[in-house]
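Asks: one predicted model, sequence on top.
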Amino acid sequence: YKQLNIENMLSVTGLQEIQTCPADHSVNAYSVSFRTQQDGFKITYSGDTRPNSNLLKIGMESNLLIHEATYASKSSMEAKLAKHSTIEEAIQQGVQMKAKFTILTHFQ
């Protein structure tokens, strides 16, 4: 039943695949990556999170990474305590996953 729901959702939305992973933020926080059927365009959205290897795995070779960057790089301790990313960390995640483009969001 669950597999049928996923296949139906992919068909209805025009997606080829969708992946999620736990975000390093709070309980029930997730990151998501999806690929379109028509042109294979891959988009990854971090949600609120610290940099992590799970996000790198699902986002590898994304066409577009949308990553939260709540804190300036000089505020790395605050970012760690609040379980958010700095601008520098978000950019580095994009470089590591070989994203073609990165959009930063969630500025404070």
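Replies: Okay, I see it.

Asks: list the contacts for Lys98?
Replies: For Lys98, the contacting residues are 60-62, by C-beta atoms under 8 Å, 6 or more residues apart in numbering. To be clear about C-beta, it is placed using only N, CA and C from the backbone, and glycine gets the same treatment.

Asks: okay, the nearest residue to Tyr45 once chain neighbours are set aside and Val27: tell me how far apart.
Replies: Nearest residue to Tyr45, sequence neighbours excluded (C-beta to C-beta, 6 or more residues apart in numbering): Ile66, at 4.7 Å. Going from Ile66 to Val27 by C-beta to C-beta, to the nearest Å gives 22 Å.

Asks: what of Glu61?
Replies: Counting by C-beta to C-beta - Glu61 and Val27 are separated by 30 Å.

Asks: just Leu64 next, same as before
Replies: Leu64 is 27 Å from Val27, by C-beta to C-beta.

Asks: could you find the closest non-adjacent residue to the residue most central in space within the chain?
Replies: Nearest to the mean C-alpha position of the chain, by C-alpha atoms, centre = their mean, lies Ser46 at 2.7 Å. Distances taken as C-beta to C-beta, 6+ apart put His67 closest to Ser46, at 4.3 Å, once the chain neighbours are dropped.
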